[in-house]
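**Q** okay, here's the prediction I keep looking at, along with the sequence it came from:
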Amino acid sequence: MTEPPYTVTALPTMRPPGCPFDPPEELAQLREQHPLSRMVFPDGHVGWLVTSHALARAVVADPRFSSRHELMHSPFPGAISAERPPPAAPGMFIGVDPPEHTRYRKLLTGKFTVRRMRSLAARVEEITAEHLDAMERQGPPVDLVQAYAQPVPALMICELLGVPYADREFFQRHALALNNFDAVPEEQYAAYVALQEYLHALVLAKRATPTDDLLGDLAREELTDEELTNIGVLLLGAGLDTTANMLALGTFALLSHPGQLAALRADPGLADQAVEELLRYLSITHTGIRAALEDVELNGHVIKAGESVALSAQAANRDPERFADPDTLDLHRQATGHLSFGHGVHQCLGQQLARVEMRVALPALVTRFPTLRLAISSAEVPLRTNSDIYGVHRLPVAWDKE
Amino acid sequence: MELEVDRERCIGAGMCALTAPEVFDQDLDDGRVMLLDSSPPPGHQAKARRALDVCPSGAITLVSRAGSPADPS
Ligand code: HEM
Ligand code: SF4
């Protein structure tokens, strides 16, 4: 308790003009001088903001910090309601703590191992090839988000959950509407309800006739229909928009760094490292949240029970204490240890699937279209500035036809 | 270097199997860590150390030899 903590009045969200891949500059100053500072949340709550890699990691690994939704204040602009979110619905294990969290997570981890996910690579290759063929047939310009970045992860989630082929068109259409920039909130909500109802019906079908897929396997476990449906909704919600934005923003970043793009084209063996570095550099899941369950002393300050802590993954992933020359995109670097999939017991369950998708889809795209380029100027690319998942709304691309 | 894993702590994130596949694998059924080599040869130690560092749940530890604090090798 040496000196009173520094206070920021809001979560910094303004990226430097003309630098769509860089975090807000204020975060770097905070990380250097006040890696743990007090922060005023939009609802008036005075909580904390963590910007260094070491402290962010320490908080998420510490069981005294909770993931329970009902304890959290949202740091994101627009979250002005003083009403706290309700507790996570049964099965939504991202919003609960151990031991409740552990029960669900244990049922699922066996389905997401490195090995199992790698065995899905062949399916990712087929799906990406089909979509690249369709892009070629359609001809430039094409919106990469709609033509490629969203359908690939959407179909992989169908594979994983065991959505029958006949239903995939329906599933995809609603899944895309869920994250469609042009859709009004009512349309997005209707898509959410449709998917939830669909997953509920699918759960009942899997109970009646178990199939060899994730929901089919889980249907044999001791889970209620509601829990099982919500697990499906969680996987869809956590696995689609994230991966889609990594594919689209990742392509935008590669197109903006021609030297790095050329390196990836020249050496497909670089894909694993490239994916890791893009995850670090882009930090699309830029800010996490935890709530203190008891008073915790950290870095010379006391975080009081009940206070919310915002964790800036994008600041942590650019921490020079952890990554040399952090603001440079360098596909050859060793980027593991980034916090883009989180850390601690909630670290992304789907990360090995996401890795396989990116590792296949990004090289396939850039090798299929050696002259791939933006079809608009980079300043015109619509950015998801107000979303808790960063990315692009659209990415019009073009290429030379043979 | 002597390693130990705590399967109860493990959350099956797979960072270990991804980072040091010669040393760690995941159980096919429950996804939790399996230690393939508790005293990896020098060639695999750097990777094993990196895996220990990135493991999100703190399930991998270096065992200290009798009498000495954590093996610095
Ligand atoms: C590049 C793509 C992805 C990114 C950047 C990402 C990021 C994250 C992050 C940061 C968390 C931790 C949240 C927290 O600590 O509160 C998380 C959790 C989670 N993710 Fe992902 N994710 C991605 C892809 C996926 C995919 C493909 C799936 C599933 C199909 C998935 C399913 C989940 C689930 C179920 C959780 C909750 C885990 C738990 O609470 O134990 N994610 N993800
Ligand atoms: S990295 Fe840690 S949590 Fe993940 S599987 Fe290995 S031991 Fe378990």
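**A** Everything's here; your move. Numbering: from 1, shown residues only, chains lettered A, B, ... in the order given. Ligands and ions are numbered 1, 2, ... in the order given.
**Q** how far away is A:Tyr198 from ligand 2?
**A** In this view, A:Tyr198 and ligand 2 are 32 Å apart by CB to the nearest ligand atom, to the nearest Å. For the C-beta atoms, the positions are set from N, CA and C on the backbone; glycine is no exception.
**Q** helices and strands around the helix ranked longest in chain B, which ones?
**A** Assignment by DSSP state H gives helix B:42-54 as the longest helix of chain B. Secondary-structure packing of helix B:42-54 (3 or more CB pairs under 8 Å, 6 or more residues apart in numbering or on different chains; DSSP states H and E): helix B:15-19, strand B:60-62.
**Q** and that helix, what's buried?
**A** For helix B:42-54, the neighbour count (16 or more other CB atoms under 10 Å in any protein chain shown) marks B:His44, B:Gln45, B:Lys47, B:Ala48, B:Arg49, B:Arg50, B:Ala51, B:Leu52, B:Val54 as buried.
**Q** nearest to A:Pro85 among these?
**A** Of all these, B:Val54 has the smallest distance to A:Pro85: 30.4 Å, by CB to CB.
**Q** can I get the buried residues of helix B:42-54 in TSV including distance to A:Asp327?
**A** Below are those laid out as TSV (distance: CB to CB, whole Å):
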residue	distance to A:Asp327
B:His44	32
B:Gln45	31
B:Lys47	27
B:Ala48	30
B:Arg49	27
B:Arg50	23
B:Ala51	27
B:Leu52	28
B:Val54	22
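**Q** closest one of the residues you listed to B:Pro21?
**A** B:Lys47 (8.5 Å).
**Q** name the nearest residue to that closest one, sequence neighbours excluded.
**A** In space, and not counting its chain neighbours, B:Lys47 is closest to B:Ala20: 3.8 Å by CB to CB, 6 or more residues apart in numbering or on different chains.
**Q** ok, that neighbour touching B:Ala51?
**A** Yes: B:Ala20 is within contact range of B:Ala51, at 4.3 Å (criterion: CB atoms under 8 Å).
**Q** next, the contact list for the nearest residue to A:Pro23 once chain neighbours are set aside, please.
**A** Spatial nearest neighbour of A:Pro23, excluding adjacent residues (CB to CB, 6+ apart): A:Gln314 at 4.1 Å. Residues in contact with A:Gln314 (CB atoms under 8 Å, 6 or more residues apart in numbering or on different chains) are A:Pro23, A:Leu27, A:Ser283, A:His286, A:Thr287, A:Tyr390.
**Q** run the last query once more with 6 Å
**A** A:Pro23, A:Ser283, A:His286 (CB atoms under 6 Å, 6 or more residues apart in numbering or on different chains).
**Q** with B:Glu22 instead?
**A** B:His44.
**Q** what residue in chain B comes nearest to ligand 1?
**A** Closest residue of chain B to ligand 1, CB to the nearest ligand atom: B:Ile11 (6.9 Å).
**Q** tell me the pLDDT of the residue lying closest to that residue once chain neighbours are set aside.
**A** What sits nearest to B:Ile11 in space, not counting adjacent residues and going by CB to CB, 6+ apart, is B:Ser57, at 4.7 Å. If you check B:Ser57, the pLDDT there is 94.
**Q** could you list the buried residues of the one helix or strand A:Pro363 maps to?
**A** Assigned by DSSP states H and E, A:Pro363 belongs to helix A:351-368. Across helix A:351-368, burial judged by 16+ other CB under 10 Å covers A:351-366.
**Q** could you single out the nearest of these to B:Phe24?
**A** Out of those, the member with the shortest distance to B:Phe24 (by CB to CB) is A:Gln352, at 13.6 Å.
**Q** please name the nearest non-neighbouring residue to that closest one.
**A** A:Met117 (3.8 Å).
**Q** dump stretch A:67-80 to PDB, restricted to CA.
**A** C-alpha atoms of stretch A:67-80 as PDB (Å, rounded to 0.1, in the frame of the first residue of the first chain):
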ATOM      1  CA  SER A  67     -16.000 -16.200 -13.400                       C
ATOM      2  CA  ARG A  68     -19.500 -16.100 -12.100                       C
ATOM      3  CA  HIS A  69     -21.600 -14.000 -14.400                       C
ATOM      4  CA  GLU A  70     -23.800 -12.600 -11.700                       C
ATOM      5  CA  LEU A  71     -20.800 -11.100  -9.900                       C
ATOM      6  CA  MET A  72     -19.400  -9.200 -12.900                       C
ATOM      7  CA  HIS A  73     -19.600  -5.700 -14.000                       C
ATOM      8  CA  SER A  74     -19.100  -5.300 -17.700                       C
ATOM      9  CA  PRO A  75     -16.200  -3.000 -18.700                       C
ATOM     10  CA  PHE A  76     -17.400  -2.500 -22.200                       C
ATOM     11  CA  PRO A  77     -18.800   0.900 -23.300                       C
ATOM     12  CA  GLY A  78     -22.600   0.800 -23.500                       C
ATOM     13  CA  ALA A  79     -23.000  -1.500 -20.500                       C
ATOM     14  CA  ILE A  80     -24.600   1.300 -18.500                       C
END
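**Q** just confirm yes or no for it near ligand 1.
**A** Yes: Stretch A:67-80 reaches ligand 1 (CB under 6 Å from any ligand atom) through A:Ser67.
**Q** hmm, back to that, any idea how many residues pack against the residue of chain B closest to ligand 1?
**A** Counted with other CB atoms under 10 Å in any protein chain shown, residues neighbouring B:Ile11 total 25.
**Q** thought it was touching B:Gly58?
**A** No: under the criterion of CB atoms under 6 Å, B:Ile11 makes no contact with B:Gly58, lying 10.0 Å away.
**Q** hey, where'd the strands end up in chain A?
**A** A:7-8, A:36-40, A:46-50, A:65-66, A:142-143, A:287-292, A:296-298, A:301-303, A:308-312, A:373-374, A:396-398 (DSSP state E).
**Q** okay, these in a markdown table with distance to A:Leu249 and mean pLDDT next?
**A** Below are the strands of chain A laid out as a markdown table (distance: least, CB to CB, whole Å; pLDDT from 0 to 100):
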| stretch | distance to A:Leu249 | mean pLDDT |
| --- | --- | --- |
| strand A:7-8 | 26 | 96 |
| strand A:36-40 | 26 | 97 |
| strand A:46-50 | 23 | 97 |
| strand A:65-66 | 29 | 98 |
| strand A:142-143 | 14 | 98 |
| strand A:287-292 | 16 | 98 |
| strand A:296-298 | 32 | 97 |
| strand A:301-303 | 32 | 97 |
| strand A:308-312 | 18 | 98 |
| strand A:373-374 | 13 | 98 |
| strand A:396-398 | 13 | 98 |
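**Q** for ligand 1, find the nearest of those strands.
**A** Among those, strand A:287-292 sits nearest to ligand 1 (CB to the nearest ligand atom), with 5.3 Å.
**Q** so what's A:Leu218 up against?
**A** A:Leu228.
**Q** ok, it to A:Ala253 distance?
**A** Using CB to CB, to the nearest Å, A:Leu218 is found at 36 Å from A:Ala253.
**Q** check the residue nearest the centre of chain B and give its pLDDT.
**A** Central residue of chain B (CA atoms, centre = their mean): B:Ile60, 4.5 Å from the mean position. In the predicted model, B:Ile60 carries a pLDDT score of 96.
**Q** got it, and A:Leu144?
**A** Reported pLDDT for A:Leu144: 98.
**Q** minimum distance to ligand 1, which residue of chain A gives it?
**A** Closest point on chain A to ligand 1, by CB to the nearest ligand atom, is A:Gly350, at 2.0 Å.
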